[in-house]
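J.: next one to model:
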Amino acid sequence: MEIRVDIDRTLCTYERIDGRKTAVPIREVIDKVNDLFDAGHKITIWTSRNVISRSDQTQFTKKQLASWGVRYHVLDLQKPLFDLFIDDRSVNVHHWMQGLEIPDLGEDI
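T.: Numbers count the residues shown, from 1 in each chain. As a prediction, the model looks like this:
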């Protein structure tokens with residue numbers, strides 16, 4: 001299964017004042033993502049950091065993820081910026097952390 005995971009407000013806190021530089025990792029979420037990685041799922045970190053900042057945040061983001069111990073396969077910094085994401089395969093991080101399991105989606109349609 002391929003799983004895409006956001007960074008800001010998902011893997012870490014994010015305050016508009018200082019933004020990414022003062023972000024604090026959310027250990028419980030990172031541990032669950034790492035468990036998915038260890039279980040053989042393909043983890044893609046998917047963020048709007050390059051889109052929002054209009055500058056290349058790749059090296060900063062790689063160092064930050066490494067310092068937090070996030071395990072992943074692909075880093076994609078071109079997630080489009082949107083206000084609401086509606087999809088049949090999405091799970092809100094807060095619901096996921098409360099025990100909502102990732103559904104078995106079966107074959108791609």
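J.: now do the strands in the chain.
T.: Counting by DSSP state E, the chain has strands at residues 2-5, 42-46, 74-76.
J.: which non-adjacent residue is nearest L75?
T.: Setting aside the residues directly before and after it, L75 is nearest to I45 in space (C-beta to C-beta, 6 or more residues apart in numbering), at 5.0 Å. For every residue, glycine as well, the C-beta is placed using N, CA and C.
J.: looking at it, Y14 is touching V24, isn't it?
T.: No. Here Y14 lies out of contact with V24, judged by C-beta atoms under 8 Å, at a distance of 9.1 Å.
J.: who's more crowded, those two?
T.: Per other C-beta atoms under 10 Å, whichever of Y14 and V24 has more neighbours is Y14, with 15 against 10.
J.: do you know how far that one is from Q64?
T.: To Q64, Y14 is 12 Å away according to C-beta to C-beta, to the nearest Å.
J.: what sits in contact with each of these two?
T.: 20, 23 (C-beta atoms under 8 Å, 6 or more residues apart in numbering).
J.: pull out the buried residues from the helix or strand of the chain with the lowest mean pLDDT.
T.: In the chain, no helix or strand scores lower on mean pLDDT, DSSP states H and E than helix 49-53, which sits at a mean of 81. For helix 49-53, the neighbour count (16 or more other C-beta atoms under 10 Å) marks 49-50 as buried.
J.: now W46, nearest residue through space, not along the chain?
T.: In space, W46 is closest to R4, 4.2 Å off (C-beta to C-beta, 6+ apart).
J.: same deal with R71?
T.: In space, R71 is closest to F37, 4.2 Å off (C-beta to C-beta, 6+ apart).
J.: surely that neighbour meets Y72?
T.: Yes. Judged on C-beta under 8 Å, F37 makes contact with Y72 at a distance of 6.7 Å.
J.: overlap of the contact sets of the two?
T.: I43.
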